[in-house]
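**Student:** need the 3D shape of this:
(one chain, ligands or ions: 1)
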Amino acid sequence: MSKILLIRCSINSKSKRGSISGHALDLFKKEYIEKYPQDTIIEKDLNKIDFLQVCINENNLDTWFDQNSKDLINELKSVDKLVVATSMVNFNFPSLLKNYIDKICLAGETFVYKYDNGKGGSEGLLKNLKVAFITSQGSPVEYYPFSAIPSNLEGTFRFLGSNVVKSVILDGSKTPTESTKTKEEFVDKFKSEISNLVNTLN
Ligand SMILES: Cc1cc2nc3c(=O)[nH]c(=O)nc-3n(C[C@H](O)[C@H](O)[C@H](O)COP(=O)(O)O)c2cc1C
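**Tutor:** Numbering: from 1, shown residues only. The predicted model follows:
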């Protein structure tokens, strides 16, 4: 029996179309429950967490790694799998997710630097985690190679020691042929990739 944490952070859930990455995560969750009914699912929407609405800055650095940070880290240490559904906002993932990452990247807790372990390299401490990302963007993935959200997120969690599997990239939602589709119609063409992700996370 495993524990899986599902995180969503779309800023579009209240829009007419609704959230594409959120819908993809719903499909993932439905299939995951069918396949692994004995597993425990924990869910988080970063929009709903008050302390994640503030970014790290010079006024709060001293208190940034507070009990909230420790609670998020402990949660990550207590689960076996993590799936993060995110979208692109101005060539990056939403600030909400950056704030979450800033809360959980804590030296000595989720990684150690080379000068901590003397081995000539850093070591990630979230080795318990198998991690996957579902990302959504308006443009086709090749349009903005400088804004490679999946590789940034994958690299971050590899640094943290996790076993990161291939992301599902829901790209092109705003192109002329796709923008008139509902979120259900748009995500439909990625259904097999979402199913594969359920299997990969076994
Ligand atoms: C404020 C804002 C900024 C956006 N910036 C980008 C962008 O830089 N590149 C892009 O390809 N799409 C961009 N988009 C489009 C979204 O990434 C796209 O609609 C995505 O499918 C939304 O996923 P979601 O519904 O899960 O949030 C932006 C959308 C909004 C609302």
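**Student:** residues in contact with residue 38?
**Tutor:** Counting by C-beta atoms under 8 Å, 6 or more residues apart in numbering, residue 38 makes contact with residue 1. The C-beta positions use only the backbone N, C-alpha and C, and glycine is treated the same way.
**Student:** now swap in residue 198 and tell me
**Tutor:** So residue 198 contacts 28, 31, 32, 35 (C-beta under 8 Å, 6+ apart).
**Student:** now the chain, which segments are flagged as low pLDDT?
**Tutor:** By pLDDT under 70, the weakly predicted segments of the chain are 115-120.
**Student:** again, only using 80
**Tutor:** 114-120 (pLDDT under 80).
**Student:** so how far is residue 200 from the nearest residue to residue 182 once chain neighbours are set aside?
**Tutor:** For residue 182, ignoring the flanking residues on the chain, the nearest one in space by C-beta to C-beta, 6 or more residues apart in numbering is residue 17 at 6.9 Å. Here the distance between residue 17 and residue 200 works out to 28 Å (C-beta to C-beta, to the nearest Å).
**Student:** repeat for residue 82
**Tutor:** On the measure of C-beta to C-beta, residue 82 and residue 200 end up 13 Å apart.
**Student:** from what I can see residue 22 touches residue 7, true?
**Tutor:** No: at 10.8 Å, residue 22 does not count as touching residue 7 under the criterion of C-beta atoms under 8 Å.
**Student:** moving C-terminal of the longest helix belonging to the chain, what's the next helix or strand?
**Tutor:** Secondary structure of the chain per DSSP state H: the longest helix is helix 20-35. Next along the chain after helix 20-35, taking DSSP states H and E as the criterion, comes strand 40-45.
**Student:** who touches that following strand?
**Tutor:** 1-9, 13, 29, 32-33, 75, 79.
**Student:** which of these fall in strands?
**Tutor:** Under the assignment DSSP state E, the contacts of strand 40-45 contribute 3, 4, 5, 6, 7, 8 to strands.
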